[in-house]
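just coords:
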């Protein structure tokens, strides 16, 4: 649900009701509108021998399960033949621009349609453009061959260019020498609460990996990724495919302790065939109240803060079992023309007895004790994934089921305080390589179960809103892909925010024109799973066409310069068509009254949306 922070306000509901979305793009191609076809396993030549070798970042982040140490040396752990550098730094510098035309689909009803910005209604403008940048640093500290510490640090994290001009200070008084933005002499550092929603430097992860004779121990705040990434998506380096998601914006993290090992005797005996791997982990999904926000901890020099009570904790355990090739094993089988096959099961149990509503509780003030309420929530999440490669064919799939219940949720669903959770999601992709592997033809099919409940406040964007169950409906069934699982450029990524309540089909083609220049094209046809959840009660979202042209000047590891341009066009079919006879609840938050979606001058059908996007990256 990320096993991380996809919580719906009161802790467990997200784990029960939300899951998140995007498959990482290959580092060799860089980000863009066609990320999914590039996630198939690569068949590049193995790296040559050298005097020193850098370990890949986030070596175990994606729960592809790192291979435990070899037990063939006198000390029990085989020593690497190459000397590791103590400090390694991986990452990228990214600059993106995007231009949207009619992202609001031509509709201007501010109460009924808020796909872009609920505060400024920027969708009223037919064309809107923006640019942003990010510097991602992922340092690794190799204590020795068996112990390492890894971090993820973002500098100017998705910083909108030009958003921190000299003199701008939010609600604070402007300096006398810069009374207007027109007088700004340049940009100043981003400071949370002053001119930016967050500081210029954000430390997102820090975790350790310790190899022992029995397996690998992981602990700290670490990336969480599994399979194709529709449930848990790290939004960064994927060890299984040895690829970066260079266009991701989010990234799931887990406060976790996990142990990974292999089961002896489970290999088939064939060369390069892996053993069965298992992992068991415990997550701190949410601890609720800590004395770090209470009045008895106003002075930050008082030492370590503590969890005030265990009653409101969200307890979570993770279980993983499967067979996974290491990247060298996979490449060896591919180059020999042999069948390479990975598969695994990822299971999560999450539970919460009580919950605390911290809304409005400021640091240094005591929360209201009466806000501790019964929750009695629990859920099982099952996620099966597989991928295979045989000669020119490759395929991968991921299936998710979430089953749970919430005993008390009146804060979120007053009409139905007791809720059941039953959600399903899945994606499957196949690819065929032609023309000496220069062309790849692919097809992808995705499904996310829907719910008759509609998003609150008249919003169509499910990434930032919650669907409240109507009277008499006690089942939460809308599955949401992780927002970093990118299917397209417009509908799911911008308008709906995530893949949910849908069945979509995506044929694609990518063609390596010169070895440095790649062209990608895809069409996405999307249907509605639960029509009543759309404004027009329709079975069709629409059709989108996306194209991408990219250039790279990189080494065999994908490090170097990347550039690209992408174009997308979305043709809405009927899910937003005018249907004034239909009545939908609470589309106007001001009065909460039911009524028709469009009225007056806003009556009409949705129009076509376009986007043009560019990117410049340096990967290191």
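That came through fine. Because the structure is predicted, anything quoted here is derived from the model rather than measured. Residues are numbered from 1 along each chain as shown.

so residue 333: helix, strand or coil?
What DSSP: H, G, I helix; E, B strand; the rest coil gives for residue 333 is helix.

thinking it is in contact with residue 341, fair?
No: under the criterion of Cβ atoms under 8 Å, residue 333 is not in contact with residue 341, lying 9.0 Å apart. All C-beta atoms are positioned from the backbone trio N, CA, C, and that covers glycine.

these two: which is more packed in?
Neighbour count, other Cβ atoms under 10 Å: between residue 333 and residue 341, residue 333 has more, with 22 against 17.

return the set of buried residues in the strand of greatest length in the chain.
The longest strand of the chain (DSSP state E) is strand 372-390. Within strand 372-390, the residues scored as buried using 16 or more other Cβ atoms under 10 Å are 372-373, 375-379, 381, 383-389.

how about stretch 251-267?
Neighbour count says stretch 251-267 has 251-262 buried, by 16+ other Cβ under 10 Å.

that older thread, any idea of the mean pLDDT in whichever helix or strand comes after the longest strand of the chain?
Proceeding N to C from strand 372-390, the next assigned helix or strand is strand 393-406, under DSSP states H and E. Mean pLDDT, strand 393-406: 97.

where's strand 393-406 relative to the chain centroid, distance-wise?
15 Å (Cα atoms, centre = their mean, to the nearest Å).

show me what secondary structure element comes after that strand.
strand 419-434.

and the buried residues of strand 372-390, which is closest to residue 469?
residue 377 (14.9 Å; Cβ to Cβ).

skipping its backbone neighbours, what lies nearest residue 348 in space?
Using Cβ to Cβ, 6 or more residues apart in numbering and skipping residues adjacent in sequence, the residue nearest residue 348 is residue 381, 4.2 Å away.

can you tell me how far the one you found sits from residue 521?
35 Å (Cβ to Cβ, to the nearest Å).

can you classify residue 532 by secondary structure?
For residue 532, the assignment made with three-state DSSP gives helix.

same check on the one 3 residues further on?
Following three-state DSSP, we place residue 535 in the coil state.

touching, it and residue 605? I think so.
No: in this structure, residue 535 is not within contact of residue 605 by Cβ under 8 Å, at 11.3 Å.

neighbour-wise, which of those two wins?
Higher neighbour count among residue 535 and residue 605: residue 535, with 23 against 16, using other Cβ under 10 Å.

redo the buried residues of stretch 251-267 as CSV? Include secondary structure, pLDDT and distance to residue 328.
Formatted as CSV, the buried residues of stretch 251-267 follow (DSSP: H, G, I helix; E, B strand; the rest coil; pLDDT from 0 to 100; distance: Cβ to Cβ, whole Å):
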residue, secondary structure, pLDDT, distance to residue 328
251, coil, 94, 26
252, coil, 96, 27
253, strand, 96, 28
254, strand, 97, 27
255, strand, 97, 31
256, strand, 98, 27
257, strand, 98, 28
258, strand, 98, 23
259, strand, 98, 24
260, strand, 97, 18
261, strand, 96, 20
262, strand, 93, 16
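
now the angle from the host helix or strand of residue 351 to strand 393-406?
Taking DSSP H and E as the criterion, residue 351 maps to strand 340-356. Angle, strand 340-356 to strand 393-406, by axes from the mean of the first three to the mean of the last three Cα atoms, to 10 degrees: 20 degrees.

in strand 340-356, what counts as buried?
Within strand 340-356, the residues that count as buried by 16+ other Cβ under 10 Å are 340-342, 344, 346, 348, 350-356.

what's the distance between the most centrally placed residue in the chain and residue 444?
With distances taken as Cα atoms, centre = their mean, residue 484 lies nearest the centre of the chain, 3.1 Å away. Here the criterion is Cβ to Cβ. By it, residue 484 lies 16 Å from residue 444.

pull up the pairing partners for the helix or strand where residue 93 lies, direction included.
Using DSSP H and E, residue 93 falls within strand 87-101. Strand pairing for strand 87-101, using DSSP bridges, gives strand 127-142 (antiparallel), strand 609-619 (antiparallel).

that older thread, of the buried residues of stretch 251-267, closest to residue 419?
residue 252 (23.7 Å).

I figured that closest one hits residue 230, correct?
No: applying Cβ under 8 Å, one finds residue 252 not in contact with residue 230, separated by 11.4 Å.

flag the shaky bits of the stretch 451-600 of the chain, pLDDT-wise.
454-459, 464-467, 578-600 (pLDDT under 70).

and the strands in the stretch 201-350 of the chain, which stretches?
201-211, 216-223, 237-238, 243-244, 253-263, 276-286, 314-323, 340-356 (DSSP state E, counting those that start in this stretch).

tell me which other helices or strands the first one touches.
This points to strand 201-211. Judged by 3 or more Cβ pairs under 8 Å, 6 or more residues apart in numbering; DSSP states H and E, the packing partners of strand 201-211 are strand 147-160, strand 216-223, strand 253-263.

how far does the shortest one sit from the chain's center?
When distances are taken as Cα atoms, centre = their mean, strand 216-223 is centred 19 Å away from the chain's centroid.

just want the angle from that strand to strand 276-286.
40 degrees.

okay, now the sheet partners of strand 216-223, with direction.
Strand 216-223 is paired, per DSSP bridges, with strand 201-211 (antiparallel), strand 253-263 (antiparallel).

ok, now the longest one?
Strands adjacent to strand 147-160 in the sheet, as given by DSSP bridges, are strand 127-142 (antiparallel), strand 201-211 (antiparallel).

quick one: buried residues of it?
148, 150-157, 159.

kindly report the same for stretch 547-558.
547-552, 554, 557-558.

figure out how far that stretch is from the centre of its chain.
23 Å.

of the buried residues of stretch 547-558, which pair is most distant in space?
Farthest-apart pair in the buried residues of stretch 547-558 is 547 and 557; separation 27.3 Å (Cβ to Cβ).

about what we covered before: so what's the gap between the longest strand of the chain and the chain middle?
Using Cα atoms, centre = their mean, the offset of strand 372-390 from its chain centre is 16 Å.

also compute the angle for it relative to strand 393-406, please.
Going by the same axes, to 10 degrees, strand 372-390 makes 170 degrees with strand 393-406.

buried residues, stretch 413-426. List them.
The neighbour-count check on stretch 413-426 (16+ other Cβ under 10 Å) flags 413, 416, 419, 421, 423, 425-426 as buried.

pull the residues that contact that stretch.
16-17, 19, 230-231, 379, 397-410, 446-449, 468-481 (Cβ atoms under 8 Å, 6 or more residues apart in numbering).

what subset of these is buried?
Buried among the contacts of stretch 413-426 by 16+ other Cβ under 10 Å: 16-17, 19, 230-231, 379, 397-402, 404-406, 408-409, 446-449, 468-469, 473-474, 476-481.

mutual contacts of residue 535 and residue 605, please.
Common contacts of residue 535 and residue 605, defined by Cβ under 8 Å, 6+ apart, comprise residue 576.

quick revisit: switch the strands paired with strand 216-223 over to a markdown table; also include distance to residue 195.
Below are these laid out as a markdown table (distance: least, Cβ to Cβ, whole Å):
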| stretch | distance to residue 195 |
| --- | --- |
| strand 201-211 | 15 |
| strand 253-263 | 26 |
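
right, and these - which one's nearest residue 184?
Between these, strand 201-211 lies closest to residue 184; by Cβ to Cβ that is 22.4 Å.

number of residues surrounding residue 185?
10.

let me have the strands of the stretch 201-350 of the chain in TSV, extended by distance to residue 616.
Shown next, in TSV, are these (distance: least, Cβ to Cβ, whole Å):
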stretch	distance to residue 616
strand 201-211	22
strand 216-223	25
strand 237-238	20
strand 243-244	15
strand 253-263	27
strand 276-286	37
strand 314-323	37
strand 340-356	34
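
contacts only, for the closest residue to residue 206 other than its chain neighbours.
Leaving aside its sequence neighbours, residue 206 sits nearest to residue 151 (Cβ to Cβ, 6+ apart; 4.8 Å). For residue 151, the contact set (Cβ under 8 Å, 6+ apart) comprises 137-139, 203, 205-206.

so where's the stretch 301-450 of the chain shaky on pLDDT?
301-302, 357-371.

same thing but at 80, please
Within the stretch 301-450 of the chain, the stretches with pLDDT under 80 are 301-306, 308-309, 356-372, 410-416.
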